[in-house]
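Novice: Sequence plus the predicted model coming up.
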Amino acid sequence: MGVKFFEDEKLFKLDTPLSTYAISIVYEEKLIAHTYYGKRIGWSGLNYLLGGDNNQTMKLASFREKGSVLDRLPMEYPTSGLGDFRESGVEIYAPYADTENSATDGNSGNRSVNPSANSGNYGFMPSYISHKIYRGKPKLLGLPATFAGEGDCETLEIECEDTLLNINLTLVYNVFNNLDVITRHVKIKNNSQKSVYLKKVMSACADLPNNNFEMLRLSGSWARERSISRVPIGCGHTGASSLRGESSHQSHPFFALVSRGASQDTGEVYGFHLVYSGNFSAMAELTQFDRVRAVIGINPYNFSWELAPSGEFTSPEAVLTYSSEGLGKMTRTLHDLYRNHLVRGKYKNAKRPVLINNWEGTYFNFNTEKLLDIARESAKLGIEMLVLDDGWFGKRGDDNSSLGDWFVNTEKLPQGLNYLVSEINKLGMKFGIWMEPEMVSPNSDLYRAHPDWAFQIPGRAPTLSRNQMVLDLSRRDVIEYVYGCISSVLKSANIEYLKWDMNRPLTDVFSGITKNQGEIYHRYMLGVYELQERLITDFPNLLLENCSGGGGRFDPGMLHYGPQFWCSDDTDAIERLKIQEGTALIYPLSTIGAHVSDCPNHIVGRVTPFETRGIVALAGTFGYELDVTKLSESDKAEIPKQIEAYHKYNELVRGGDYYRVASYSENKMYDCYMCVAKDKSEALVTFVNVLARPGGGKVRIKLKGLDENSMYQDVNSTQAYSGAALMYGGLDADCGWGDFKAQLIHIKAV
Ligand code: GLA
């Protein structure tokens with residue numbers, strides 16, 4: 001396991017338990033080539049896989065067709081404009097040559113061109129100069145990233161240099177010992193005397209032989225987040241991207257290249273995931289030589305980062321994972337990675353309080369008495385925390401005003417927050433609150449005082465969305481103001497949870513105090529990350545749930561700060577089957593905000609059994625999103641039973657291995673998934689039959705992940721089965737009578 005350098009072969013070999021990644025230094029120019037990524041190989045003679053480019057000594061410059069070589073060579077971090085016409089990893093614009101540096105790039109062989117006349121070009125060709133290998137994993141300054149101790153991971157840094165521009169590029173690889181994961185990022189340092197502009201900086205690139213690949217993406221819309229789709233990779237580009245200033249509802253900073261027909265349990269899967277929450281680009285290009293080049297990183301749209309002399313830029317981190325055992329293996333790898341090496345804080349491995357959020361119950365229409373009524377009733381039923389959502393501040397009676405005015409709305413809460421919270425605490429319940437710190441309403445005291453703090457282009461009417469604007473978090477004064485607001489709200493009462501919302505994309509991105517507008521999208525994200533880092537440092541006991549109009553910024557970046565994310569505004573149990581399936585494909589259930597809400601459902605108007613809503617919400621953080629005082633007695637009577645189930649199963653749900661058994665999105669009939677204890681001693685099977693069918697009383701489901709030699713007993717009966725029988729023969733799940741019927745099957749090894 002770990003990283004090895006084979007001097008003779010000039011080859012780096014990065015091994016995880018079941019995968020190998022190989023990188024070679026080729027040609028006299030010492031370019032960094034991508035040699036192999038796939039199933040584990042215990043042998044270092046892999047350079048032959050480079051075909052004609054298996055060459056360490058020849059001078060690239062001596063090729064009559066140097067361009068063809070550059071356009072064919074599989075690269076670790078490709079540049080463009082010098083012969084490689086495929087998707088690039090990096091583009092650097094040097095407006096002026098560094099006249100103090102009179103070197104050539106060493107392979108031009110042509111010193112008749114005066115380098116000082118070399119102004120205004122994009123040429124960049126980094127060559128290997130050195131490398132280091134060490135245990136552990138460094139932090140990425142100002143950026144979210146996975147973390148690992150010295151025993152968990154080895155790091156390889158390959159140092160390259162473009163001697164003409166005097167720019168250094170460091171390719172960083174972190175190789176996990178116990179997970180089939182390699183994380184990557186790059187650092188670019190300007191050692192010249194003049195500024196250069198980074199126009200494109202991808203976090204990772206992989207250049208793979210095409211294996212009849214399909215691209216699996218997670219795309220959607222508001223209330224339809226992360227729906228799984230697959231398309232064959234054709235010639236040219238296939239990808240996913242966001243220009244919304246957030247990872248977005250519509251797209252997701254993830255894709256997997258999967259061999260055609262790969263299933264949950266079979267086939268090759270290469271997963272690429274970006275630990276970033278802003279504009280991203282994730283592209284695969286099928287090239288003329290039947291190779292697929294995949295890149296992932298910050299979207300180059302409106303990106304132009306000035307790298308001043310001595311300046312260094314660090315890209316976000318990309319997560320790469322390989323599975324030769326289908327999608328399920330990728331899922332479980334990512335779940336373990338994110339649970340153990342991304343999410344932090346007090347709630348990392350802890351059960352979350354069962355909460356009730358008043359949003360769908362009251363929307364903006366509440367006051368102290370109403371909230372206390374809900375709290376009293378909730379406390380009796382076993383609910384542990386009340387979360388006060390939108391509308392408690394400024395003069396907010398609807399969504400047309402007051403964002404930015406983070407002081408208590410005294411019309412609704414005349415005795416203030418502290419009174420409300422202490423009354424709720426007296427009931428034995430915790431209290432949480434909603435804020436949308438990144439936003440400002442044009443109708444707010446904040447906007448009237450500081451219109452220049454909101455993004456808008458001088459002379460142009462700004463594009464409002466939900467009648468609100470986005471604060472310019474690239475500015476220090478705005479960051480300080482926003483942090484002051486958040487911390488004074490949190491200090492004003494015993495607030496133990498914060499729902500941090502973000503309800504619109506970025507538009508009109510213009511900052512009044514900088515000359516370089518091409519940095520603002522990224523600086524905005526750095527501002528958000530800084531705010532959240534300060535927040536969790538100053539309030540270590542706070543449970544932070546991020547949200548963005550539901551799941552519009554549910555990404556690994558945000559999970560580094562808050563251990564959970566509100567998955568979707570669509571709380572309908574049947575819609576949630578699809579949304580949670582797509583989300584759980586790459587995120588652990590412990591991060592998925594899921595609540596039982598009222599019917600008819602506020603988004604789709606569907607009526608589903610209360611029991612089913614509870615069962616579906618158990619595959620997440622669990623809570624309620626309704627006015628409990630208005631529930632029928634029979635629904636109310638279900639709540640203590642659901643909460644009991646939550647306490648009983650949450651350990652298994654949070655910490656177990658997730659197996660997708662059947663998909664309602666695919667079969668259009670029923671959904672089935674399992675959480676299996678790591679030691680295979682127990683499992684919880686969730687089965688939801690969507691529409692009842694005549695004669696369809698039972699469905700045989702083949703369980704997964706069990707120990708085939710153990711005997712398992714259904715906890716609710718005396719019947720025992722062998723693990724092998726349950727997996728290869730299956731189990732009959734009862735479809736029930738009526739639509740939308742769900743059941744839990746809990747089995748334990750005996
Ligand atoms: C977003 C969130 C909801 C709720 C509302 C409040 O839509 O996703 O859960 O907080 O904002 O305005």
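Specialist: Nice, I can see it. Since this is a predicted model, take the numbers as computed values, not measurements. Numbers count the residues shown, from 1 in each chain.

Novice: hey, let's count contacts and neighbours off CA atoms from now on
Specialist: Will do.

Novice: State which strand of the chain is the longest.
Specialist: strand 196-209 (DSSP state E).

Novice: near the ligand, which residues of the stretch 251-400 of the chain show up?
Specialist: W359, D389, D390 (C-alpha under 6 Å from any ligand atom).

Novice: ok, and the closest non-adjacent residue to the last one?
Specialist: Computed as C-alpha to C-alpha, 6 or more residues apart in numbering, the closest residue to D390 that is not its neighbour in sequence is W434, at 5.8 Å.

Novice: Tell me which residues touch K578, please.
Specialist: S227, Y664, S665 (C-alpha atoms under 8 Å, 6 or more residues apart in numbering).

Novice: Just the ones in strands from the residues you listed, please.
Specialist: Short answer: the contacts of K578 in strands (DSSP E) are S227.

Novice: mind listing the helices for the stretch 651-750 of the chain?
Specialist: For the stretch 651-750 of the chain, helices defined by DSSP state H, counting those that start in this stretch occupy the ranges 664-667, 723-724.

Novice: what do you get for the chain?
Specialist: Using DSSP state H, the helices assigned to the chain run over residues 66-70, 326-341, 359-362, 368-381, 416-426, 445-449, 476-491, 520-538, 556-559, 573-584, 610-617, 633-655, 664-667, 723-724.

Novice: if you compare the helices of the stretch 651-750 of the chain, which one is most tucked away?
Specialist: Stretch with highest mean neighbour count among the helices of the stretch 651-750 of the chain: helix 723-724 (a mean of 21; mean count of other C-alpha atoms under 10 Å).

Novice: now that one: how far from the chain's centre is it?
Specialist: 35 Å (C-alpha atoms, centre = their mean, to the nearest Å).

Novice: Buried by neighbour count: which residues of the lowest-mean-pLDDT helix or strand in the chain qualify?
Specialist: Every helix and strand of the chain was ranked by mean pLDDT, DSSP states H and E. The lowest is helix 66-70, at a mean of 92. Across helix 66-70, burial judged by 16 or more other C-alpha atoms under 10 Å covers V69, L70.

Novice: got the CA coordinates for that helix in CSV?
Specialist: The C-alpha coordinates for helix 66-70 follow below in CSV (Å, rounded to 0.1, in the frame of the first residue of the first chain):
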residue,chain,number,x,y,z
LYS,A,66,6.2,16.6,-31.9
GLY,A,67,2.6,17.8,-32.1
SER,A,68,1.3,14.3,-32.7
VAL,A,69,3.2,12.9,-29.7
LEU,A,70,1.8,15.7,-27.5
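
Novice: Low-confidence regions, the protein specifically.
Specialist: 96-119 (pLDDT under 70).

Novice: For it, what lies in contact range of the ligand?
Specialist: W359, D389, D390, C547, S548, G549, G550, D569.

Novice: thinking again about what came up before, closest to E246 out of the helices of the stretch 651-750 of the chain?
Specialist: Nearest to E246 among those is helix 664-667; the distance by C-alpha to C-alpha comes to 26.3 Å.

Novice: starting at the chain centroid, how far to that closest one?
Specialist: 24 Å.

Novice: now for it, which elements pack on it?
Specialist: With contacts taken as 3 or more C-alpha pairs under 8 Å, 6 or more residues apart in numbering; DSSP states H and E, helix 664-667 sits against helix 573-584, strand 670-676.

Novice: how many neighbours does E644 have?
Specialist: 12 (other C-alpha atoms under 10 Å).

Novice: Okay, it and the ligand: tell me how far apart.
Specialist: 25 Å (C-alpha to the nearest ligand atom, to the nearest Å).

Novice: Redo the helices and strands packed on helix 664-667 as JSON lines? Include distance to F455.
Specialist: Below are the helices and strands packed on helix 664-667 laid out as JSON lines (distance: least, C-alpha to C-alpha, whole Å):
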{"stretch": "helix 573-584", "distance to F455": "31"}
{"stretch": "strand 670-676", "distance to F455": "44"}
